[in-house]
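J.: What follows is a predicted protein model with its sequence.
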Amino acid sequence: MTKQYDDKVAFVIPAYNEGSVIRATVDSIPAEFSQIIVVNDGSKDNTLEALAGSRATIISHPVNLGQGASLQTGIEAALMNPHTQYIVTFDADGQHRIEDVITMLEHMEKNPRLDIVLGSRFLGKTINMPKSKERILKAAIAFSNKTTGVTLTDTHNGLRVMTREAAERMKLEMPDFSHASEIIHRIAEEDMNWEEVPVVIEYTDYSRGKGQAMINAINIVFDVTLDRMTKK
C-alpha cells in the first residue's frame with residue numbers, strides 16, 4: 001500500500017508528441033498522489049486529446065519550447081500549490097517506475113538534509129538499453145562530471161525528486177535536453193545536498209524508437225559550454 005501523499009508531492013511530466021503513451025503513464029501513478037501536472041509542449045499529435053478525462057492538470061505551450069522549458073513551467077505550477085513539499089520529474093514515455101519514485105521519496109524523508117535525489121540507472125539497472133544510447137550517456141556523464149564539479153554516475157536521468165526549496169532555486173533557462181546539465185550546474189552553484197538512488201529504466205520499443213540522437217548530445221555540449229562562457 002502506497003503512503004497517502006495527497007498533494008504534498010507533485011509529478012511534473014513534460015510531453016511532446018506522446019499521444020500513444022501519455023495516458024498510460026498518467027494512469028500508472030497511484031491515487032495516493034493527487035497532484036499530476038502534464039506540460040503539453042506544443043505537441044502536433046493527439047497528446048492533448050489522450051489526456052481528456054484523466055487526473056492530470058494540463059498546461060499547454062502554444063509552440064514547442066523544449067523539455068527544459070516544460071519542466072520549468074511544471075515546477076512553477078507545482079509551487080503555486082502551498083501544500084507542495086516535493087516535486088518529482090517524471091518522463092512521459094513509460095520508462096520510469098513508481099516503485100522507484102516511492103523509494104526516492106522515502107529516502108528524502110529519512111534524510112531531511114537532502115535537497116534533491118537523482119535516479120541512477122547505472123547504480124540500478126537498465127532493460128533493453130541500446131548500446132548506442134549507453135555510449136552517448138557515458139560521454140555525457142564524463143563531460144558533465146568534468147565541467148560541473150558534481151560527480152554523478154547518471155547525469156541525464158529524467159527521474160528526480162527535489163524539495164520545494166530546491167525547486168524554487170532551479171530556474172531552468174536552457175533549451176532541449178541541455179536542461180539536465182543545467183540542473184547539475186544549479187546543484188553546484190546553489191551548494192545543494194544531493195544523493196543518487198538506484199533505479200530501473202526499461203527501454204520499450206516505443207522509447208527505443210524515439211532515442212536521443214547524437215546531434216542532441218552535440219547540442220548539449222554546445223549549449224552548456226556557451227552558457228558557461230557567457231556567465232564568466
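T.: In hand now; what should we look at? Note that the structure is a prediction, hence the values are computed from the model and not measured. Numbers count the residues shown, from 1 in each chain.

J.: on contacts alone, who are the packing partners of the lengthiest strand in the chain?
T.: Identified as the longest strand of the chain according to DSSP state E is strand 116-127. Applying 3 or more Cβ pairs under 8 Å, 6 or more residues apart in numbering; DSSP states H and E, we find strand 116-127 packed against helix 98-110, strand 160-163, strand 194-202. (Each C-beta comes from the backbone N, C-alpha and C, glycine too.)

J.: Mind checking what helix or strand follows that strand in sequence?
T.: Heading C-terminal from strand 116-127, the first helix or strand you meet, by DSSP states H and E, is helix 131-148.

J.: hmm, back to that, which one of the helices and strands packed on strand 116-127 lies nearest to D27?
T.: With Cβ to Cβ as the measure, helix 98-110 is the member of the helices and strands packed on strand 116-127 nearest D27 (11.1 Å).

J.: just the angle between the closest one and strand 116-127, please?
T.: 150 degrees (axes from the mean of the first three to the mean of the last three Cα atoms, to 10 degrees).

J.: Identify each buried residue in helix 98-110, please.
T.: I98, D100, V101, I102, T103, M104, L105, M108 (16 or more other Cβ atoms under 10 Å).

J.: so what's the last one up against?
T.: With contacts defined as Cβ atoms under 8 Å, 6 or more residues apart in numbering, M108 is in contact with Y86, L114, V117, V161, T163.

J.: How about the contacts made by the second one?
T.: Just to be clear, that refers to L114. Counted by Cβ under 8 Å, 6+ apart, L114 has contacts H107, M108, T163, N193, W194, E195.

J.: Quickly name whichever of those is closest to M170.
T.: Closest to M170, out of all of the contacts of L114 and judged by Cβ to Cβ, is T163, at 10.8 Å.

J.: Quick check: the gap between the closest one and R97.
T.: 22 Å (Cβ to Cβ, to the nearest Å).

J.: now do F90
T.: For F90, the distance to R97 - Cβ to Cβ - is 10 Å.

J.: Of the two, give the one with the bigger neighbour count.
T.: Neighbours per residue (other Cβ atoms under 10 Å) separate F90 from R97, with F90 holding more: 25 against 17.

J.: wait, what's in contact with that one?
T.: Neighbouring residues of F90 by Cβ under 8 Å, 6+ apart: F11, V12, I13, T25, I29, H96, V101, G158, L159.

J.: Next: K3.
T.: Taking Cβ under 8 Å, 6+ apart, we find K3 in contact with E32, I102.
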